[in-house]
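Peer 1: Please find the sequence and the predicted model below.
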Amino acid sequence: MGFLKGIEKKMGGLVEGVFGRAFRRRIHPVEIAKGLTKQMDEGRMVSISRTYAPNDFTIHLSEDDASSIEVYEDSLRDELIQYASTHAESKGYHLMSVPKIRFTTEESLRFGEFGVTARLTGGDGPREKGAPQDTSGQTRIFKTEQITSGGSSLGEGTSAISAEEARRHGLAREVVELAMDGKNHPLEGKGPWTVGRSQDNDIVVSDPNVSRRHAQLIREENGFVIEDLGSTNGTLLDGAPIGRERIESGDELTFGQSKARFVRRIDEPGARGRSDRARRSGSPSGRD
């Protein structure tokens with residue numbers, strides 16, 4: 001993205017100076033910006049005439065990272081507000097107010113990990129016609145991956161952490177999986193994930209009607225896509241044959257004669273414990 005390069009250049013002097021000392025071997029400001037805009041993309045809502053995006057953000061930092069930015073917090077907040085506004089403009093998103101950004105410390109976060117909670121809110125003013133209701137906010141946790149050689153950093157990137165780490169932090173996490181034959185296949189990382197009869201696929205299907213390399217699931221910037229890989233018996237989306245189509249949570253996929261369901265949900269804090277208690281009590285939902 002052009003603006004990302006711009007903010008990197010604009011912040012270059014600060015990064016090499018006071019920001020550089022603050023973030024060396026820690027979270028880089030641009031990594032926070034990437035996580036923030038990813039949450040904007042994931043949390044957007046489409047109305048009849050507009051696409052609304054989250055405009056209220058909380059940045060969760062470890063104690064070490066929070067102390068590193070304490071002196072420069074106001075400057076960083078201004079940069080992130082500008083970054084979020086420009087990202088919304090480039091994507092054609094409508095913001096119901098000027099972006100708001102706050103920082104908070106989370107004891108459960110480790111060095112180099114951060115979370116972003118994104119809310120869509122109309123603020124205190126009158127709500128425009130057709131605008132969505134305020135959202136409670138979804139939190140996603142990221143960590144800066146550093147590749148080192150001889151003690152020098154060669155590169156870094158932002159990625160979502162695992163479900164186990166998310167539960168340890170007590171924060172919500174997006175779960176994406178393919179449910180098939182009573183088993184849930186997690187779709188974690190960048191992908192793509194291949195589906196087929198051959199054992200070298202990410203998801204192996206023991207069905208003679210399924211080709212060796214039948215289809216693949218692809219993570220794109222704005223969602224997920226299913227693509228048939230020239231299979232003999234084809235791939236169906238909700239009963240209709242497809243070549244390449246976007247998929248949403250709950251969609252039924254058919255490979256040969258084998259059916260699967262695409263699942264995309266938010267794993268809320270404590271949900272696992274509630275499910276375990278529900279199973280022990282004999283109630284499938286935890287309610288009487």
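Peer 2: Perfect, I can see it now.
Peer 1: Mark out where each domain of the protein begins and ends.
Peer 2: Using the TED database, the domain ranges for the chain come out as 29-150+158-169, 173-267.
Peer 1: between the ones you listed, which has the poorest average model confidence?
Peer 2: Across the domains of the chain, domain 29-150+158-169 has the smallest mean pLDDT, namely a mean of 80.
Peer 1: Run a quick neighbour tally on Tyr72.
Peer 2: Residues lying near Tyr72 (other C-beta atoms under 10 Å) number 16. Yep, even glycine has a C-beta here, placed from its N, CA and C like the rest.
Peer 1: Now it. Its backbone dihedrals?
Peer 2: Main-chain torsions, Tyr72, degrees, to the nearest 10: phi -110, psi 10.
Peer 1: same thing with the one 5 residues further on?
Peer 2: Main-chain torsions, Arg77, degrees, to the nearest 10: phi -60, psi -40.
Peer 1: Tell me which residues touch it, please.
Peer 2: When contacts are counted by C-beta atoms under 8 Å, 6 or more residues apart in numbering, Arg77 is found next to Ile101, Phe103.
Peer 1: at 10 Å what do you get?
Peer 2: Arg77 is in contact with Phe57, Ile59, Ile69, Pro99, Lys100, Ile101, Arg102, Phe103, counting by C-beta atoms under 10 Å, 6 or more residues apart in numbering.
Peer 1: Sitting in strands, which of the residues you listed do you find?
Peer 2: Using DSSP state E, the subset of the contacts of Arg77 located in strands is Phe57, Ile59, Lys100, Ile101, Arg102, Phe103.
Peer 1: Next one: the third one from Leu120, what distance?
Peer 2: From Lys100 over to Leu120 the distance is 12 Å, taken as C-beta to C-beta, to the nearest Å.
Peer 1: what is in contact with these two at once?
Peer 2: Joint contacts of Lys100 and Leu120 (C-beta under 10 Å, 6+ apart) are Asn55, Asp56.
Peer 1: the more surrounded of the two?
Peer 2: Legend: neighbour count by other C-beta under 10 Å for Lys100 and Leu120, higher for Leu120 (23 against 15).
Peer 1: Could you double-check that the more buried one lies in contact with Leu95?
Peer 2: Yes - Leu120 is within contact range of Leu95, at 8.9 Å (criterion: C-beta atoms under 10 Å).
Peer 1: Residues that sit against both of these two, list them.
Peer 2: Joint contacts of Leu120 and Leu95 (C-beta under 10 Å, 6+ apart) are Met40, Tyr52, Ala53, Pro54, Asn55, Asp56.
Peer 1: Pick the one among the residues you listed closest to Thr139.
Peer 2: Taking C-beta to C-beta as the measure, Thr139 lies nearest Pro54 of these, at 11.5 Å.
Peer 1: residue boundaries of the helices in the chain?
Peer 2: Taking DSSP state H to define them, one finds helices in the chain at 2-10, 12-16, 18-23, 29-42, 63-69, 73-91, 163-169, 271-281.
Peer 1: Give me the distance between Ser97 and Thr117.
Peer 2: Distance from Ser97 to Thr117, by C-beta to C-beta: 16 Å.
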